[in-house]
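Participant: no sequence on this one, just coordinates:
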C-alpha cells in the first residue's frame, strides 16, 4: 500500500512526522536509491527507505503513560547528567516524549515511538486539552477567574482558558495551547507566584500512578481517552 514517506518514517519510530518532513526537505531520504521530495509515496512492504544511507527499521510501537516527578527533565538525553523521563522507563524500543513539562513540574506524560500518534496529540488543530493544578502564593479570586474566562493575552496572543476551578490558593485550569511556560505565564500575568504545578490530564487521560511510575498501554486505549 502506498503511503507518504514521512508517515512511514514516523511509524517506524524514527522521529515525529514533522521532523521526518524536515529530513525529506533536506534531501536526506532515499527510496530505492532515489532522493525523494515532500509528498512522495512508497510501499513500506516493498520499497527500501533510507535516511542518510541507512535503512529505516520497523519497531514495535510502544505507548507509555508516565507520572513525571519534579527534578526530572523532559528530554531523551542530557549532557549535564540530569535524570530524564527516558531514564524512568524500561523498554527495548527507543521512545520519545510527547510534549514537555518543565523540570519543576510534576504530572502525566506520554512516551512513544509512534511519531504519527505523537503529532496528533500535539498538533494545535486537534485541540487536545491539557489540565493543570497550581498551588499559588495567595487565594485565587473571582476577579482572576473572570479575567481567565474572558481570555488572557500572553506574549501578544490571546489564550483561551476553560474548566476553571479553585479552592483557596489552589486553581485548576485547562488549555489547548502548548507554548513554553504558558501555564506559568498565565498565573504570573494574574499576579500570582506558583508554589507547585502539576499536569493532571491530557484530554480525558488521567492517572493514579505515583510520581516516577509508568504503565505500558495500547494505542487504541490512549485514543479513547484523548480524542
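Facilitator: Sure, I can see it. Keep in mind that this is a model prediction, so the values were computed, not measured.
Participant: ok, for the residue of the chain most remote from its centre, nearest residue in space, not its chain neighbours?
Facilitator: Distance from the centre of the chain peaks at residue 33, with 33.7 Å (C-alpha atoms, centre = their mean). Of all residues not flanking residue 33 in the chain, residue 48 sits nearest, at 7.6 Å (C-beta to C-beta, 6 or more residues apart in numbering). Heads up, the C-betas are built off the backbone N, CA and C, glycines and all.
Participant: In contact with the residue nearest to the spatial centre of the chain, which residues?
Facilitator: Taking C-alpha atoms, centre = their mean as the criterion, residue 99 is the residue nearest the geometric centre of the chain, at 2.2 Å. Residue 99 makes contacts with 74, 109-110, 121-122, 130, 178, as judged by C-beta atoms under 8 Å, 6 or more residues apart in numbering.
Participant: same thing but at 7 Å, please
Facilitator: Contact analysis of residue 99 by C-beta atoms under 7 Å, 6 or more residues apart in numbering lists 122, 178.
Participant: Wait, a strand at residue 86?
Facilitator: No. Using DSSP: H, G, I helix; E, B strand; the rest coil, the assignment for residue 86 is helix, not a strand.
Participant: Just give me the neighbour total for the residue lying closest to it once chain neighbours are set aside.
Facilitator: Once flanking residues are discounted, residue 86 sits nearest to residue 76: 5.2 Å by C-beta to C-beta, 6+ apart. Other residues near residue 76 come to 14 when the count uses other C-beta atoms under 10 Å.
Participant: tell me the SS of residue 76?
Facilitator: Per three-state DSSP, residue 76 ends up coil.
Participant: measure it to residue 189 for me?
Facilitator: To residue 189, residue 76 is 32 Å away according to C-beta to C-beta, to the nearest Å.
Participant: ok, now residue 209?
Facilitator: 31 Å.
Participant: Equivalent analysis for residue 58, please.
Facilitator: 46 Å.
Participant: Looking at the two, which is more packed in?
Facilitator: Neighbour count, other C-beta under 10 Å: between residue 58 and residue 189, residue 189 has more, with 16 against 11.
Participant: Right, I'll leave it there.
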